[in-house]
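Asker: Output the structure for:
(6 chains)
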Protein chains: 6
Amino acid sequence: MIVEQYFEDYEIGFTRRTMGRTITEADIVIHAGQTGDFFPHHMDAEWCATQDFKQRVAHGTLILSVGVGMTATTINPHAMSYGYDKVRFVKPVFIGDTITVEAKITEKRDHPKRATHGIVIEQVTVTKQTGEAALVCEHIYLVARRQATA
Amino acid sequence: MIVEQYFEDYEIGFTRRTMGRTITEADIVIHAGQTGDFFPHHMDAEWCATQDFKQRVAHGTLILSVGVGMTATTINPHAMSYGYDKVRFVKPVFIGDTITVEAKITEKRDHPKRATHGIVIEQVTVTKQTGEAALVCEHIYLVARRQATA
Amino acid sequence: MIVEQYFEDYEIGFTRRTMGRTITEADIVIHAGQTGDFFPHHMDAEWCATQDFKQRVAHGTLILSVGVGMTATTINPHAMSYGYDKVRFVKPVFIGDTITVEAKITEKRDHPKRATHGIVIEQVTVTKQTGEAALVCEHIYLVARRQATA
Amino acid sequence: MIVEQYFEDYEIGFTRRTMGRTITEADIVIHAGQTGDFFPHHMDAEWCATQDFKQRVAHGTLILSVGVGMTATTINPHAMSYGYDKVRFVKPVFIGDTITVEAKITEKRDHPKRATHGIVIEQVTVTKQTGEAALVCEHIYLVARRQATA
Amino acid sequence: MIVEQYFEDYEIGFTRRTMGRTITEADIVIHAGQTGDFFPHHMDAEWCATQDFKQRVAHGTLILSVGVGMTATTINPHAMSYGYDKVRFVKPVFIGDTITVEAKITEKRDHPKRATHGIVIEQVTVTKQTGEAALVCEHIYLVARRQATA
Amino acid sequence: MIVEQYFEDYEIGFTRRTMGRTITEADIVIHAGQTGDFFPHHMDAEWCATQDFKQRVAHGTLILSVGVGMTATTINPHAMSYGYDKVRFVKPVFIGDTITVEAKITEKRDHPKRATHGIVIEQVTVTKQTGEAALVCEHIYLVARRQATA
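Answerer: The predicted structure follows:
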């Protein structure tokens, strides 16, 4: 669904929450296959049994990709994804954990160079069914202004 | 391959370079399928033909996941991936582009709370066959010290 | 997104339209792999070159699955998918074709046995970038009534 | 395997039965990824635990696609799949259920417009290991006649 | 389809031929993902352009797996796959090549230890649309005898 | 990583050992999807429960492909994979088994026709977490000589 929003239209504090998604063994296998990261932390149940977590752990990039993907519900033609700041893997996600995502507009600032655009920060929090945060990051959007700054 | 390295062993300036990998239409289809992000920017060739880039663009999380995955070659049991800073999508990656990755140790700092560990920053640069950087980020590792700080 | 709607709330003529999606060779390969249907119509470019269409054709169940999936945007806890009627493969979909979907409420009728529920028909039309319909079907929903019929 | 059959050669009552296939969590993950349908009914084990079925349910289009795919064993160059009628999701298929398929020729009728072809109906029944039918549908084939009707 | 055959029933010279299958870029991407073999020979179009073949080449294990899989059409409950001999990668398979497979019973011999079973050799030849053999191997089956040898 | 080695540089007895990898239900589903081999031995848990092994078994070509793939760590531009001899499926691999691979140079011999190349044999052994060998084979490499034989 397309929802047009200019920089001026974003409101600090506006929050979206997604449905849940259970992270499966298949997700990890497919992510290893996509990225080529077959590290034993994700793929070797025997080795993991000898480590602190005792079981396989989802790749950090899997949780980031799925978490951000779960927020990709409305398209704003005036905004583009510019990057992420402060991505932190707070808690491991195990096979069978169910994650939900909250995305909250936390900051708006001028673009350092372009008068026609602003920067919008959406704080993304991926939470497990236990209530623990698994991943946090700041999603940075470059958004056109309705009216350029002087 | 396991390569043991303590915080003290990391050298600023140490650089790794990967082989190349061509980003395919199949990669984008699989990434959409894993993340649920079916935005027309990645999936709709007709719509893209009407946009600035004229063609489908790889998801940012695809290039981040594959780029970081390409650097996952040696396992250091004393280090763990802690997150990323300053992830920036500098240039779009199109179907058929070939990326290579350079990873360079750029910073070592004390952990704010733990005397037993330090923080190591590896600057990751994903470059296209054209020589342009497509994505940059700082990969943050939490690494055990051989000897705790006083 | 959850949108609660009882049988009484559905309006004949209400229409949704999706964004587009380009059907790729990878989609066909993945669908063959999921279903086990490796018929040469979908998988053998050499044989197809000797047939009427001159090229590989997407599986009917691929277009139905993707087409219906593209309409799966809002969840109504009072409705459940009950089946399809009059699924017709009107035109073949080739690799590189881009499809969009229109879903229109065309009929509401009493459930033959349950006073608590009604039947809602959503006419699904999958259209190619050429403007030709590729697939049509009636999606049948079983929907709870706010108030049971006498 | 190619088996040539004209309209005249189909016999009412002719029945085929397939081997079994266990529907796995991976099948559901791959189907969600292909279709973009990540509804919690299929993907969120926590939410499902609060619903009637208590567990994740396979997509209807997954069971239809796999069920029909399991019958795709012999190729008849004189027939083409034309669509489906009366597709009904009779019972949910859960992760770990094993399905088998029976396909039975139940009807032959003239094509409304073409003297050169007839319509053949194959009744498809997907059954679970419990003996319960999970899905039924009529698979409609358009089949060339050896001899056109007058 | 189940076809019961004892060792005595296999005839030297019996030959099966499959339909064709076009090897796609998606097949190579999926095979790399399954095996973890991301060598540039298969994945890096830029590097390949500097090599003898000028283009990406399918993994040997992909052609072996698909080639043998294409012959997996009838199940003999009295036989089991025991291994392969003389697997040779005769010609490279490129993206877009279409392969067909011929499987021919070429040898029957006593099992060195078991009087109840014999060894059957099926010569597998994977051929490209150019008529060139791409892969050959001997598929070794262990097959129960109807009557044990003295 | 590129490691240049001529025929003369290979040493009999040189041995490599990989990390482990757990074979998952998803691996089997993906391999069936890639090869088209949906035999009940791999896909039908109900039927398998009536057979000797009582459970689904990984495809032989899956274990061969993954096992060989796990050894694909260093690229030698002077060597190419030429085929396999004596591939034997010694023990079945079940869902949840973890395999590791040992690859050992066991033989060097002259090429029958080319004075510029030699043949190197690497014995590959895929072992389960139980210590049992699951698969063995000889991987045959064609390797350039630093100096052609007289």
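
Asker: CA atoms for contacts and neighbours, from now on please.
Answerer: Will do.

Asker: Any stretches of chain A with poor pLDDT?
Answerer: Along chain A, segments meeting pLDDT under 70 span A:150.

Asker: Spell out which residues of it are next to chain E.
Answerer: Proximity of chain A to chain E (Cα under 8 Å from any Cα of the partner chain) is limited to residues A:Ile30, A:Ala32, A:Gly33, A:Gln34, A:Thr35, A:Gly36, A:Phe38.

Asker: Counting neighbours, what do you get for A:Arg109?
Answerer: Neighbour count for A:Arg109, taken as other Cα atoms under 10 Å in any protein chain shown: 11.

Asker: What ranges does chain A have for its strands?
Answerer: A:15-17, A:21-22, A:79-89, A:98-110, A:117-128, A:133-144 (DSSP state E).

Asker: Among those strands, show me which one is buried the most.
Answerer: Most buried of the strands of chain A, by mean neighbour count (mean count of other Cα atoms under 10 Å in any protein chain shown): strand A:21-22, with a mean of 26.

Asker: which other residues reach it?
Answerer: A:Gly96, A:Asp97, A:Thr98, A:Ile99, A:Thr100, D:Pro40, D:Met43, D:Asp44, D:Ala45, D:Glu46 (Cα atoms under 8 Å, 6 or more residues apart in numbering or on different chains).

Asker: count of residues packed around the residue lying closest to A:Phe38 once chain neighbours are set aside?
Answerer: Among residues not flanking A:Phe38 along the chain, A:Ala32 sits closest, at 5.5 Å (Cα to Cα, 6 or more residues apart in numbering or on different chains). The burial count assigned to A:Ala32 is 25, neighbours taken as other Cα under 10 Å.

Asker: residue of chain A with the smallest distance to chain F?
Answerer: A:Asp44 (4.6 Å; Cα to the nearest Cα).

Asker: and that residue, what does it touch?
Answerer: A:Arg56, F:Gly20, F:Arg21, F:Thr22, F:Thr98.

Asker: same thing but 6 Å
Answerer: Listed by Cα atoms under 6 Å, 6 or more residues apart in numbering or on different chains, the contact set of A:Asp44 reads F:Gly20, F:Arg21, F:Thr22.

Asker: Closest one of those to F:Thr125?
Answerer: F:Gly20 (12.8 Å; Cα to Cα).

Asker: burial count for A:Arg114?
Answerer: For A:Arg114, using other Cα under 10 Å, the count is 11.

Asker: Can you tell me how far it is from A:Arg145?
Answerer: 10 Å (Cα to Cα, to the nearest Å).

Asker: cool, A:Leu62 as well?
Answerer: For A:Leu62, the distance to A:Arg145 - Cα to Cα - is 33 Å.

Asker: So for the two, which residue has more residues nearby?
Answerer: A:Leu62 (23 against 19).

Asker: Could you pull up the contacting residues of the closest residue to chain E within chain A?
Answerer: Taking Cα to the nearest Cα, chain E has its nearest neighbour within chain A at A:Gly33, 3.4 Å off. Neighbouring residues of A:Gly33 by Cα under 6 Å, 6+ apart: E:Gly33, E:Gln34.

Asker: at 7 Å instead, please
Answerer: E:Ala32, E:Gly33, E:Gln34, E:Gly36 (Cα atoms under 7 Å, 6 or more residues apart in numbering or on different chains).

Asker: mind checking how far the closest residue in space to A:Tyr141 that isn't next to it in sequence is from C:Val136?
Answerer: Nearest residue to A:Tyr141, sequence neighbours excluded (Cα to Cα, 6+ apart): A:Ser81, at 4.7 Å. Distance, A:Ser81 to C:Val136, by Cα to Cα: 36 Å.

Asker: residues from chain A in reach of chain B?
Answerer: A:34-37, A:61, A:65-66, A:69-70, A:72, A:82-89 (Cα under 7 Å from any Cα of the partner chain).

Asker: Enumerate the residues of chain A near chain F.
Answerer: Contact residues (Cα under 7 Å from any Cα) of chain A with chain F: A:Ala26, A:Pro40, A:Met43, A:Asp44, A:Ala45, A:Glu46.

Asker: Out of these, flag the one nearest to B:Gln51.
Answerer: Distances from B:Gln51 to the residues of chain A next to chain F, taken by Cα to Cα, are shortest for A:Ala26, at 34.9 Å.

Asker: isn't the closest one right next to D:Ala26, touching?
Answerer: Yes - counting by Cα atoms under 7 Å, D:Ala26 is a contact partner of A:Ala26 at 5.3 Å.

Asker: hey, what's in contact with both of these two?
Answerer: F:Ala26.

Asker: And stretch A:59-74, how far out from the chain middle?
Answerer: When C-alpha coordinates are averaged (Cα atoms, centre = their mean, to the nearest Å), stretch A:59-74 and its chain have centres 5 Å apart.

Asker: what about it and chain D, touching?
Answerer: No - shown here: stretch A:59-74 not in contact with chain D (Cα under 7 Å from any Cα), separated by at least 9.4 Å.
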